[in-house]
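1. predicted coordinates and the sequence they were generated for:
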Amino acid sequence: MQQPVMTAAEVTEFLDRVFPQLRDGQSEIVEIGPMTARLRLPVTERNLRPGGTVSGPSMMSLADYAMYAVILGHIGPVALAVTTNLNINFLRKPGPSDIFAEAKLLKLGKRLAVGEVLITQPGLDGPVAHVTSTYSIPPRDA
């Protein structure tokens, strides 16, 4: 299993420098491990939709950020890696409290990375959403 080349703190510092609008004081990278990353979204009013549930766009954004973080953690500081596909299935209605993203790389190639993300919320039985995603990785000389 491939080991990360950057820590959660290093990925966070890199993204804060080159892509500060990504976080906007929101999600945090909790951990980067072998082919995995764990992120937390501290849910506030801005993440809620009518009915008091976490909005779909908030969950999609967290999942996309989790994939970006796990990829950067394993390929290093490559700002131009981009999402080429993201598919999300909403499985349960999360309440108005923090949610977590557990990203896992299924394949990390030279040009493409494929992974999945489970969005969970403590206290719920099972995941809130399941995401599959593909990222394009630019050539090293780009």
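-> Received it, and whenever you're ready, just let me know what you need. Numbers count the residues shown, from 1 in each chain.
2. helices of the protein, start to end?
-> 8-18, 56-75 (DSSP state H).
3. and the ones you listed: which comes nearest Ile137?
-> The closest of these to Ile137 is helix 56-75. By CB to CB, the value is 6.3 Å. Glycine gets a C-beta too; all of them are placed from N, C-alpha and C.
4. what comes up buried for the closest one?
-> Using 16 or more other CB atoms under 10 Å as the test for burial, helix 56-75 gives 58-75.
5. chain center to it: distance?
-> 2 Å (CA atoms, centre = their mean, to the nearest Å).
6. now that helix against helix 8-18, angle please.
-> In terms of direction (axes from the mean of the first three to the mean of the last three CA atoms, to 10 degrees), helix 56-75 departs from helix 8-18 by 110 degrees.
7. packing partners for helix 56-75?
-> The contact analysis (3 or more CB pairs under 8 Å, 6 or more residues apart in numbering; DSSP states H and E) places helix 56-75 against helix 8-18, strand 28-33, strand 36-41, strand 82-90, strand 99-108, strand 112-120, strand 129-136.
8. run a quick neighbour tally on the closest residue to Met1 other than its chain neighbours.
-> Excluding the flanking residues, the one nearest Met1 by CB to CB, 6 or more residues apart in numbering is Pro34, at 4.4 Å. Close neighbours of Pro34, defined as other CB atoms under 10 Å, add up to 12.
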